[in-house]
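Chemist: Sequence and predicted model, in that order:
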Amino acid sequence: MTRDTITASEAAALLLTWYDRHHRDLPWRVSPPMARIGIVADPYHVWLSEVMLQQTTVQAVKSYFDKFVGLWPTIEDLAAAETEDVMKAWAGLGYYARARNLKKCAEAVAREHGGRFPDTEEALKALPGIGDYTAAAVAAIAFNSRSAVLDGNVERVISRLYAFETPLPAAKPRMRQLVAELTPADRPGDFAQAMMDLGATICTPKRPACSLCPFRQKCLALHNADPETFPRKAPKKEKPRRRGAAFVAIDQADAVYLRKRSDTGLLGGMTEVPGTDWTARRDGATTLDGQPFAAPWEPCGTVTHVFTHFELRLSVYRANVVKALPGADGWWEPIASLKTQALPTVMKKAIAQAIPHAFKPG
């Protein structure tokens, strides 16, 4: 890797000129023309979008962002919301610890900072659920701090621009150092968003549009190698496979028996159908030995769901129950209103396996 292929001033000038013309219009973003007349980004919107965007696409996040700011227009509104309502609004976005931390962070900002986000990376990192990346992004975009913002898109751009041979994740410290050097004192927030946009729209994982890239004359990967082979990555370990069972009970009123998961652990605080005690580290029972209560259970297939660190395969059982169970720890939810519940995707899959029409419109 040759460090002097592009100077920091060149990089900033090329990228910001490109960004001024080709930036994405996003509901949480202040565009360059608006910024030039003095409109600044709302820290609440920046933070909310960045938390939502972790492990999720922009297209998937837009509707959730609009839903959240419609329900809770300010950080104080979110802090005062019922946790169950927040989990319901989040259902489908995945990585549910983010939603629990979102609520805790809102409460901390409202309680400890008078409803205003602190404006430094260190102070932001002291808030629940905010790590290095989110703190840097909020500081740069909302407060125009010269912070080095490094997400997956930026990693890809940097690795190609300098033809990084060191594989991820070992290359991250050096990448962060380079981003810090490239980030200009003027418009650091726009620079961070421009790098993200470039990685998302031009410097894509497959078939990058190199002819449209503002860095095309300086990119070492383009001139000396195959850009698609960057960033280099260490061989992936095969994800462990776990097994378990899910039990979908339906009563005479066409309602499904649901219960709430423990507030801690995987899918904590979310809604579920009863199931066996599987975790990321161990299997649960897959037969009727794991049934939550006596009922005429019948097998109706299996569903598979891939989490970040493991793959889960659930054996699904269905039972038609004559009447509600005495002393049960859950509730009966009409099929028509299942969509309003905080059901994670894996539970929606299990219910749909047992009741094919459960989540169909109409």
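Modeler: Here it is on my side, so go on. What you see is a predicted model, and the numbers here were worked out from it, not measured in a lab.
Chemist: buried set for the helix or strand bottoming out on mean pLDDT in the chain?
Modeler: Within the chain, no helix or strand scores below helix 32-36, which has a mean of 87 by mean pLDDT, DSSP states H and E. By neighbour count on 16 or more other C-beta atoms under 10 Å, the buried set for helix 32-36 is 32, 35. Heads up, the C-betas are built off the backbone N, CA and C, glycines and all.
Chemist: Contacts for it next, please.
Modeler: 19-20, 23, 190 (C-beta atoms under 8 Å, 6 or more residues apart in numbering).
Chemist: Could you rank these by neighbour count and give me the top one?
Modeler: Asp190 (25 neighbours; other C-beta atoms under 10 Å).
Chemist: now Leu168, which residues is it bridged with?
Modeler: Using DSSP bridges, the bridge partners assigned to Leu168 are Lys233.
Chemist: how about it, what does it touch?
Modeler: Leu168 neighbours (C-beta under 8 Å, 6+ apart): 155, 159, 231-234.
Chemist: Would you reformat the residues you listed as TSV and include distance to Ala108 and pLDDT?
Modeler: As requested, these are arranged in TSV below (distance: C-beta to C-beta, whole Å; pLDDT from 0 to 100):
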residue	distance to Ala108	pLDDT
Glu155	29	97
Ser159	35	97
Pro231	34	96
Arg232	39	94
Lys233	35	90
Ala234	36	84
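Chemist: Nearest to Ala8 among the contacts of helix 32-36?
Modeler: Nearest to Ala8 among the contacts of helix 32-36, counting by C-beta to C-beta, is Asp190 at 15.0 Å.
Chemist: Please, which helix or strand holds the closest one?
Modeler: Asp190 belongs to helix 188-201 when assigned by DSSP states H and E.
Chemist: okay, that helix in CSV with CA atoms only?
Modeler: Extracted in CSV, the C-alpha atoms of helix 188-201 (Å, rounded to 0.1, in the frame of the first residue of the first chain):
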residue,chain,number,x,y,z
PRO,A,188,-16.7,16.6,8.5
GLY,A,189,-20.3,15.5,8.8
ASP,A,190,-20.9,15.8,5.0
PHE,A,191,-17.6,13.9,4.4
ALA,A,192,-18.7,11.0,6.6
GLN,A,193,-22.1,10.8,4.9
ALA,A,194,-20.4,11.1,1.5
MET,A,195,-18.1,8.1,2.2
MET,A,196,-21.2,6.1,3.3
ASP,A,197,-23.1,7.1,0.1
LEU,A,198,-20.1,6.3,-2.1
GLY,A,199,-19.8,2.8,-0.6
ALA,A,200,-23.6,2.2,-0.8
THR,A,201,-24.2,3.5,-4.4
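Chemist: So what touches it?
Modeler: By C-beta under 8 Å, 6+ apart, helix 188-201 touches 12, 15-16, 18-19, 22-24, 29, 32, 35, 41, 58, 136-137, 140-147, 149, 151-157, 179, 182-184, 209, 213-215.
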